[in-house]
Structures are given as C-alpha cells and as structure tokens.
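Undergrad: Okay, sequence plus prediction incoming.
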2 protein chains.
Amino acid sequence: MKLDSEHLEILAMIVEKGGLTEGAEALGKSQPSVSRTMALLEDRIGAALFEPGKRPLRPTELGESLARIGARIHALNLEASRMVQSFRKGHTGRLRIAGTPIFMDGVVSNFIADFQTRQPDVQIEQSYGYLDQLSGQLRNGALDMAIVPLHPSSAPTDMSFVPLLPGRNVIACRAGHPLMRKATITLADIEPYPWIAPPPDSPLYRDLQRALKSIGKEDFRVSFSGGTLASIISVLARSDSLTVLPYSVVFLSRKTAGLDALRIRIAHPDRHLGMLTFDGGTPPPSLRLFAGFLKDEFQLLEARIQHESQVTKRRG
Amino acid sequence: MKLDSEHLEILAMIVEKGGLTEGAEALGKSQPSVSRTMALLEDRIGAALFEPGKRPLRPTELGESLARIGARIHALNLEASRMVQSFRKGHTGRLRIAGTPIFMDGVVSNFIADFQTRQPDVQIEQSYGYLDQLSGQLRNGALDMAIVPLHPSSAPTDMSFVPLLPGRNVIACRAGHPLMRKATITLADIEPYPWIAPPPDSPLYRDLQRALKSIGKEDFRVSFSGGTLASIISVLARSDSLTVLPYSVVFLSRKTAGLDALRIRIAHPDRHLGMLTFDGGTPPPSLRLFAGFLKDEFQLLEARIQHESQVTKRRG
DNA sequence: GGTCTAATATTGCTTTACGTTATGAAGCTG
DNA sequence: CAGCTTCATAACGTAAAGCAATATTAGACC
C-alpha cells in the first residue's frame, strides 16, 4: 500500500491549523476538497485519522503520527521548490569553466573568487585547455564556458564569443630587476637574461616567439619551462629571468607577487580574451549571471589598467 | 510554485536505477507513464532534469539535487506506510487502560510490562477509577479499556465484558505474621490485629466489610487507609496489620513483597475481574492484541494459582 | 432542552492527471 | 550502418481533485 504524500501534507496542515476548514484555507483549497481527500485517505489506510464525532476535528493517535511525517514531507517539498527557484535565478548550480592556464590562474580565478562570495551556492569546476579541445567540450556539453584568447571573427560559427579584454602582452620580470632601472631598453640590454617559456603548444609560446621577433630578437635561451603560473611567478621573483605574460596577469599580480613589466613595447597579438559559449543546448541559468559578472569585472579591470598607464606615462 | 512530491520520488528512482525504463519497472509503472511525468515536471520547473540527447538518461545537476530530495521524501513516505501497517496490526499505537487501583497495581501492571516487551511501540496510558466513572470514559472515547471487577450480567448493555479471573479475596498479612503459625484461625485470634482499609468508595472496601461479616466480625479497627498498593504492602510488611486483598494480588506479590494469606475462608465476592470495552466506536487495533494477551496471561495465572493451592492443600 | 451557529460531509459536475497499449524516433554498439 | 535498446508521443479510459451548492451535526448559548 502506497499512500499519497500530498495527502499526508494536507493532513499535517489540518492538524497544525487545528481544523479542517482552517487547514483548507491555509492550503488554498476549498473545504469540501480537503474533506473528501481525508475521507479517501482514511478509506485507504482503513483506520480513522480523526476522532469521530468531534467538531473541531481532532486527530487520532495515528493521525497525529502521520501528520508529523506529513509535515516533514512538506518541508522537503518546500526545500525542493526553493532549490528550483534558486536554480532558475542562477543562484544555485554548477558551472564548468575552462580556459588557457595562465589566464585562468592569473586573472579569472580572482574573479571566480569574487563571484562566489556573492553566489556561494554556485559550484565552479575549473579546468584548463586550448581552443580546439575546449570547443569540443563545449559542443558535447562537458563544459559550460571557455575563456580563451581569440580573434572575434575566428570563433566557431556555432558558438558565441564575448570579448573581455584586448590581447596585450608584456615582458615580465621581478620588481627589482636590473632592467627596471633603465629609462629605455635596447635589444642589447635584454641579451644576457634567460627566458621562462610557456608550454610549446600554448598560444602564449607563439606570442613569446612573435614578440621577441618584433623587437629584433631571433633566438633566446630558455632557463625554465612547463610550469603553471605559480611556478613561473616563483622563478621570476627569485631570478633575473624574463618572460612574456599578458599584461592583465602582471597587473593583477604586481603587488602580491612582486612582478613588473619592462618598458619596452612588443607586438600585440591580434586577439581578445573572451568568453566562448556553445549556442546549442540550454545553458544553466547561473551561466548568465557569471558571464554578466565577468563582463563587468573585466570592464573595471580595463579601466584600472588604463588609469594606471596614464599615471605611469605622466610620471615617466 | 508547488511541485508534486510523487514526481520527485519518481525522479529519485530513475536516478537511482540509472535509467527511465529501469526506474519505471522498479516503480511498477509503465515506461511511457514515467516518461510523461518527467516531461510534465520539467515543464513545470522550466528547466531540464536530464541531459538532453543522452540515451541512458543522465540527470543534470538540478535533476540530481531534486532526486536527492525525492529520495528523502520517498523514505518518509515508506515510514508512513510502515507506520500504518504496524498500527493496523496493533504493533503501534496508544492504549488508554484504566481499572481499580489495587488490581492495576498488583496484577495488571505486571502483565502490561510483559506485553510491552513484546510490543514496545504500543504506548500505554494507565489510569485509575471505578466502574461508573470508567464506563463514562469508555463511552466518550477517553478510554480504550477498563479492567474492573464486575458481575458479568451487570455489565452496561452497550459494552462488552470479558471475565479474566473469578473474584476471590483473602485476608492478607506479612509473611512471618503470628497468625501464620496457627493451623486453624478463629475469630478471637484475629481480634487483636489492626486493619488496613482501602478507600471507602472502593469495591474492595465493601468486600472487606462483607468478608469480615461473613466470619462473624462486625467491627474492626482501621490503623491505615487511603494508600495505594505500594503503601499498603509497605505497612503490611512492617506491622502485624491485616487487610483484605484479591488473592491474585497476594499471589503475585508473595515472594517479592513478603506477603501471605491467612488460612481462613472468607466470602467470595460474586464478581469477576474482567475487561470492559465500549461497543460503539472503532477500537485501536492494538487493543485486540492487548486483550488477547491479557486473556492468555490470566489463564496462565489462574492455572498457577490452582496448582499452588493443590500443593498447599496436600502439604497442609 | 431547544435553537443557533459554525464546522464538516455530501452531491453533482468539470477538469486534470495518470494509467495503459501501440507506435515512432533517436542514441549507442559492434 | 544495422540492429538493439531506450526514450518520446499518440490515443483513450479511469481515477482523482477541483469547485459551488447544499445537507448534516456537534457545541454553544440562552
């Protein structure tokens, strides 16, 4: 015998309110409706739920016990409703975000942290990868959003790309690096210092090659490679190595990690860092929230970067 | 928005079984039925519960969360079903039993204890009273059973009376009482000892009067009155007082309380101790269980009493 | 003890949801 | 890509829930 949870909830409400009429009112149903529902329930369980012939309907022992269970079921049902509401608004859920390692570690993770202080019930699963791999994962639904550097026009046709920040790389070094004392830096000045290289298959590695070529440097000595941002920062800070990093990364880790950027202009990659999402399928509601948040935060970041560079220019 | 608990339970089962078809089977429903139910649920909450286009139907994040709640609801529902079953079989519930004080304390409470070791989920509310009061309580549903001494033919017409034990009173004293050493006891032997009297409105008090009259004793000195059985036993044990008690009470407390019965025959009251229940209304199922148990136990008790009296007779 | 009032039950009818079987569409596997 | 399995859809009968209107009855109040 399976009894209807809804009936138990109604029973609970009647018992709580102390009468059928009041219970019906609280439930937003008509009095005859709940009356018949209770009669049906009593028929099914084959026992009285209310003392017979009592006018302010009083539950029997069994009725009271079942009402307690009904109340617990009602609470769970409410919890489910709230969960759905929260999910629909994007305040609850799981987001699977991936992107290029340096950007994720150096920039995006900071914003994820800020986002989660506002939306603590949105669980974020971060992973790393480059465009080809990530767009595949977006298509088969293994990923909700990729954050990649991309020329807007070269985004896959079945995806949406929202730019966040123009690509701009710099040569990074530790804060007290000897080269920082020079007003202008020549190719010869750079010559003695070893380089930290990102993974050879990364866009950043190609950026490094292109950037050095743009200032006339054809070959370079790699002293360290393969590390994620944390390692790169550690090595940079404890040596006179140089590397190419997105300026946003350097900007955000300047104070905490003791990084700085050489006063030398290198070629900008013709790309934007942006958010890539798959057009097919229904994105989780929290994705909209997160995307909006990121867009705002990156706008602020760009403004801070602009402001900083103007101040620096005036001083320099 | 109120969602159907039943739907959440179905969702939980699908997720647990890893597929819609298996879930439907486990629920004893057809596959199309649960399929449509899930479609309906998805419509209502306005979000996907299952990853679209996956053949062994895989729940989304939200689907999984709701399924967890559904599983808890299902557990509660099961608990309710079991409670109903248990109640119908009489293994659960509340019984309100009342009776004359001495019998309840001296005899019935022992059997209640035994009953509850078998049926620990039957809660028993004991109270005390005499016939008039108790039959009123039976009628208005404040009591499930009264255990009273009664002549079977004088039971109220709207009630059932099941005799448990023929009324048989004895003169009780402490085990080492001086009178116990006498082979035959005369009225003069009894003369010096004070009496413990039950409450004046109790049947037992009338029994006491009648019993003493039956052996020719018209007046008696009352040294203690008004106590319940525990007090009576204490006073009896620490003095040479006498009192009239049902033999069953003396029999059961002999060893533990150091009571004994004088070897003198007094008038039997023309009554039986028995169970009185109201015919109107539906008794709780556990009442049948309890009544059956009491009947058996009292039969055993009577057999033990018979056996004992035969042994005593042979010895004496 | 009769009468009034408010609480509950009953009746009649409509709508919704659930159940079934039969059948179509679409992943997954080899 | 054939074949199997899994899920979705269609069509239809039944059970139940909804409502309004109305009958019944327990408690309360003279």
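TA: Looks like it came in fine. Residues are numbered from 1 along each chain as shown, chains lettered A, B, ... in the order given.
Undergrad: how far away is the residue in the stretch 101-250 of chain A positioned nearest to DNA strand D from A:Asp158?
TA: Evaluated by Cβ to the nearest atom of the strand, the stretch 101-250 of chain A has A:Gly141 as its residue closest to DNA strand D, separated by 15.6 Å. C-beta here means a position set from N, CA and C on the backbone, and glycine is covered the same way. The spacing between A:Gly141 and A:Asp158, counted by Cβ to Cβ, to the nearest Å, is 13 Å.
Undergrad: before we move on, what about A:Ala197?
TA: 34 Å.
Undergrad: more neighbours, these two?
TA: A:Ala197 (23 against 11; other Cβ atoms under 10 Å in any protein chain shown).
Undergrad: and the residue of chain A nearest DNA strand D?
TA: Nearest residue of chain A to DNA strand D, counting by Cβ to the nearest atom of the strand: A:Ser30, 3.2 Å away.
Undergrad: Surely that residue and A:Leu20 touch.
TA: No: when contacts are counted by Cβ atoms under 8 Å, A:Ser30 is not listed as touching A:Leu20 (11.0 Å).
Undergrad: okay, those two: which has more neighbours?
TA: Comparing A:Ser30 with A:Leu20 by neighbour count (other Cβ under 10 Å), the higher total belongs to A:Leu20, at 20 against 12.
Undergrad: Can you give me the buried ones in the longest helix belonging to chain A?
TA: Residue-count comparison of every helix in chain A, with assignments taken from DSSP state H, identifies helix A:285-315 as the longest. Taking 16 or more other Cβ atoms under 10 Å in any protein chain shown as the neighbour-count basis, helix A:285-315 is seen to contain the buried residues A:Pro285, A:Ser286, A:Leu287, A:Leu289, A:Phe290, A:Ala291, A:Phe293, A:Leu294, A:Glu297, A:Phe298, A:Leu301, A:Ile305.
Undergrad: Ok, stretch A:227-234 next?
TA: Along stretch A:227-234, the positions that meet the burial threshold by neighbour count (16+ other Cβ under 10 Å) are A:Gly227, A:Leu229, A:Ile232, A:Ile233.
Undergrad: Out of these, which sit inside helices?
TA: A:Leu229, A:Ile232, A:Ile233.
Undergrad: Can you pull the phi/psi pair for the residue nearest to A:Leu138 when sequence neighbours are not counted?
TA: Ranked by Cβ to Cβ, 6 or more residues apart in numbering or on different chains and with sequence neighbours excluded, the top spatial neighbour of A:Leu138 is A:Phe278, at 4.1 Å. Here the main-chain torsion angles of A:Phe278 (degrees, to the nearest 10) amount to phi -80, psi 130.
Undergrad: Based on its surroundings, how many neighbours for A:Phe278?
TA: With neighbours defined by other Cβ under 10 Å, the count for A:Phe278 comes to 20.
Undergrad: interface residues of chain A facing DNA strand D?
TA: Within chain A, the residues that sit near DNA strand D (Cβ under 7 Å from any atom of the strand) are A:4, A:6-7, A:28-30, A:32-34, A:36-37, A:40, A:53-55.
Undergrad: and chain B, which of these contact it?
TA: Counting by Cβ under 8 Å from any Cβ of the partner chain, the subset of these that neighbours chain B consists of A:Asp4, A:Glu6.
Undergrad: Among the residues of chain A next to DNA strand D, name the ones in helices.
TA: The helices, defined by DSSP H, take in A:Glu6, A:His7, A:Pro32, A:Ser33, A:Val34, A:Arg36, A:Thr37, A:Leu40 from those.
Undergrad: separation between the second one and B:Arg118?
TA: This points to A:His7. Using Cβ to Cβ, one obtains 32 Å as the distance from A:His7 to B:Arg118.
Undergrad: before we move on, what about the fifth one?
TA: Counting by Cβ to Cβ, the separation of A:Val34 from B:Arg118 is 38 Å.
Undergrad: Could you check which of those two is surrounded by more residues?
TA: When A:Val34 is set against B:Arg118 and neighbours are counted by other Cβ under 10 Å, the residue ahead is A:Val34, at 22 against 10.
Undergrad: I'd say that one and A:Gly23 touch.
TA: Yes: the pair formed by A:Val34 and A:Gly23 meets the contact definition of Cβ under 8 Å, at 6.2 Å.
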